[in-house]
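In: Quick one: sequence plus predicted model below, questions after.
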Amino acid sequence: MHRPAVRNSISQRLVGELRGHLARVFRFGIVSGIGLGLDMLTFLGLVGFGLSPFHANLVSSIAGVTFVYFASVRRIFSYEGRFHLTMFSAYLTYQACGIAAGSWLVGLLAASGLLPILAKMAILPITFSANYLFMGWLTSKAARWAARP
C-alpha cells in the first residue's frame, strides 16, 4: 500500500516541475519576443539603409540579446545574486559566437535568394532554443559565480 503513495508523490512532483519549466519557457518567450521585435526593427532599418544582411544582423542582434539578458536573468531565471561582470561576460562571449554564426547563416540564406527578413526568421527556432538553454545553464551556475572573488 505504501508504493502507490510514493508513485503519486513522484508523479505530482514531476508534473509540478514540468509546469514550472513550461511557465519559465513561456515567460522567456515573451521577453525574447520583445527582444526580437527590437532586433527585427533595427535589422530592417539597417538593411533599408543599405547595410548587408550579415552586418545588419550583427548590430541588431546585439541590441536584442542585451535586452533579453537584463530582462530575464532575475525575473525568469530567478537569479537573486548581485550583478557579476564574469557572468555577464560569459553571456556576451556566448552571444558573440552565436551572433557571428547566426549572421553568417542569415547572410548565406539571403545570398541564396531568400528575403533577408525570412532568412533571419528561419534561424529563430535554433537561436531561441540555444539562448534558453544557455541562460538556464548560466543562471544555474549562479552560486559558483557568486562564490568567486
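Out: Perfect, thanks for sending it. Every value quoted in this text rests on a predicted model; they were computed, and no experiment measured them. Numbers count the residues shown, from 1 in each chain.
In: in the protein, which spans are helices?
Out: 2-48, 53-72, 85-111, 116-122, 124-140, 142-147 (DSSP state H).
In: next one: the fourth one to chain centre, how far?
Out: Going back to what we said before, that points to helix 116-122. What separates the centre of helix 116-122 from the centre of its chain is 17 Å, taken as Cα atoms, centre = their mean, to the nearest Å.
In: buried sites along it?
Out: Of the residues in helix 116-122, Pro116, Ala119, Lys120 count as buried by neighbour count, 16 or more other Cβ atoms under 10 Å. All C-beta atoms are positioned from the backbone trio N, CA, C, and that covers glycine.
In: Check these against Leu38 and report the nearest one.
Out: Lys120 (13.1 Å; Cβ to Cβ).
In: Quick check, pLDDT for the residue nearest the centre of the chain.
Out: Per Cα atoms, centre = their mean, the C-alpha nearest to the average position across the chain is that of Asn131, at 2.9 Å. pLDDT, Asn131: 87.
In: mind checking how far it is from Gly48?
Out: 26 Å (Cβ to Cβ, to the nearest Å).
In: go on, Cys97?
Out: Distance of Cys97 to Gly48, computed by Cβ to Cβ: 27 Å.
In: repeat for Ser103
Out: Ser103 is 17 Å from Gly48, by Cβ to Cβ.
In: Looking at those two, which is more packed in?
Out: Ser103 (22 against 9; other Cβ atoms under 10 Å).
In: With adjacent residues omitted, what lies nearest to the more buried one?
Out: Among residues not flanking Ser103 along the chain, Asn57 sits closest, at 4.2 Å (Cβ to Cβ, 6 or more residues apart in numbering).
In: That neighbour contacts Ala101, doesn't it?
Out: No. The criterion here is Cβ atoms under 8 Å, and Asn57 misses it with Ala101 at 10.6 Å.
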